[in-house]
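S.K.: Provided below for reference: sequence and predicted model.
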Amino acid sequence: AGDDESGGNGTSFVRFNASTGTAYQIAVDGRNGAIGDIVLILQLVGTVTAPTNDLFENRIALNGTNVTVTGYNGGATAQNGEPRHAGYLASKSVWWSWTAPSAGRVTVTTQGSDFDTILAVYSGPALSSLTEVGSDDQSGPNNTSKVAFNSAAGATYQIAVDGFSDGIGNIALNLSLGPLVNPPVNDNFAQSIALTGRSVSVTGSNDNSTAETTEPDHTGLPAESSVWWNWTAPDTGGVTVDTSGSDFDTLLAIYTGRTLSGLVEVASNDDERSLFTSRISFTATRGEVYHIAVDGFESTVNKGTGR
């Protein structure tokens, strides 16, 4: 087992089942070369058995429009044929299911969990035929996760919670159903919002946004929840575009071209200087139209600002 951030305040926390007489080697390192004094705590707490909802077939049914339940993924396993959750191989996942009593906007979070969670929501009746509705790693506070989507009345959704880097801990799973949310006005390339001037600051949201069929990959990752702006350069010179102030893990890409299928990438960026926001610098040509796409890493959605 291994962990980076689950202990809080930049510390690490790991749980695992130990076997009698087995020697375990423990390594402590500093992230990005960090050095300092170490406090290492080990506690043997007894055998951990698999949770009742370890397997997809034994998922726990949730009922209602506002639900909070607790759980634990210690002793949980990954099944053959289990999908990747938020792009990561399944390792210690547990499962719930929920049937929407009505159409609406659903928010699912793991806020309140005490470790670094991964969250994924699917449709489909069987593990081998699941279709992802949404997934997330880090959109919640304290390394928790958040997924939002529009539900259909009577549809059943499968919810998986896993631990990042084999992490295990106590799970708080929160689900709420509210009014439907319409896509942003600039969800599609053809409805991109025009920006004007030499210095521009705008706000927006990619909540309930979608990817188009011929949309390019942004920063090398498939488009999922993108929104669009366009800007015509008033002069030739250096330009900086960033998503500083956004409250989620953004992807930023800038293109030239007249159509979505014919776009040519100028530059793109995921994390600027280890931050979750993005930043691009390039030389603009007077009169050229630049198309700006902002997406969420691993389907993250939320409000954002940019300049």
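M.R.: Yes, it's here. Numbers count the residues shown, from 1 in each chain.

S.K.: flag the shaky bits of the chain, pLDDT-wise.
M.R.: 6, 47, 273-275, 298-307 (pLDDT under 70).

S.K.: which one is the spatially most central residue of it nearest to, not counting chain neighbours?
M.R.: Per C-alpha atoms, centre = their mean, the C-alpha nearest to the average position across the chain is that of residue 136, at 2.7 Å. Once flanking residues are discounted, residue 136 sits nearest to residue 145: 4.4 Å by C-beta to C-beta, 6 or more residues apart in numbering. For glycine as for every other residue, the C-beta is placed from the backbone atoms N, C-alpha and C.

S.K.: would you mind measuring from the one you found to residue 13?
M.R.: 17 Å (C-beta to C-beta, to the nearest Å).

S.K.: more neighbours, these two?
M.R.: Neighbours per residue (other C-beta atoms under 10 Å) separate residue 145 from residue 13, with residue 145 holding more: 28 against 18.

S.K.: ok, the more buried one touching residue 139?
M.R.: Yes. At 6.1 Å, residue 145 counts as touching residue 139 under the criterion of C-beta atoms under 8 Å.

S.K.: give the contact list for the residue nearest to residue 136.
M.R.: 86, 109, 110, 117, 118, 119, 136, 137, 138, 139, 161 (C-beta atoms under 8 Å, 6 or more residues apart in numbering).

S.K.: could you do residue 124 as well?
M.R.: So residue 124 contacts 130, 131, 158 (C-beta under 8 Å, 6+ apart).

S.K.: and if you look at residue 149?
M.R.: 105, 106, 121, 133, 134, 208.

S.K.: quick one on the thing from earlier: now list the buried members of the contacts of residue 124.
M.R.: 130, 158 (16 or more other C-beta atoms under 10 Å).

S.K.: quick one: buried residues of the host helix or strand of residue 174?
M.R.: Assigned by DSSP states H and E, residue 174 belongs to strand 170-178. Using 16+ other C-beta under 10 Å as the test for burial, strand 170-178 gives 171, 172, 173, 174, 175, 176, 177.

S.K.: about what we covered before: which ChimeraX command selects the buried ones in the contacts of residue 145?
M.R.: Selecting only the buried entries of those in ChimeraX, with 16+ other C-beta under 10 Å as the criterion:
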select :86,109,110,117,118,119,136,137,138,139,161
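
S.K.: tell me which of the contacts of residue 145 fall in strands.
M.R.: Using DSSP state E, the subset of those located in strands is 109, 117, 118, 119, 136, 161.

S.K.: any chance of CSV for the residues you listed, columns distance to residue 22?
M.R.: Conversion of the ones in strands among the contacts of residue 145 to CSV gives the following (distance: C-beta to C-beta, whole Å):
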residue, distance to residue 22
109, 37
117, 28
118, 28
119, 32
136, 35
161, 28
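
S.K.: hang on, the earlier thing: list just the nearest of the contacts of residue 149 to residue 99.
M.R.: Nearest to residue 99, judged by C-beta to C-beta, of the contacts of residue 149 is residue 106 at 11.4 Å.

S.K.: the closest one and residue 146 touch, don't they?
M.R.: No. The pair residue 106 / residue 146 is not scored as a contact, 11.2 Å apart, by C-beta under 8 Å.

S.K.: quick one: residue 295 from residue 220, how far?
M.R.: 12 Å.

S.K.: more crowded one of the two?
M.R.: Using other C-beta under 10 Å as the criterion, residue 295 and residue 220 rank with residue 295 on top: 29 against 11.

S.K.: how close does that one sit to residue 9?
M.R.: 30 Å.

S.K.: residue ranges for the helices of the protein, please.
M.R.: Using DSSP state H, no helices are found in the chain.

S.K.: give me the outermost residue of it relative to its centroid.
M.R.: Distance to centre of the chain, C-alpha atoms, centre = their mean, peaks at residue 21 (39.7 Å).

S.K.: so what's that residue up against?
M.R.: Counting by C-beta under 8 Å, 6+ apart, residue 21 makes contact with nothing.

S.K.: measure it to residue 42 for me?
M.R.: 16 Å.
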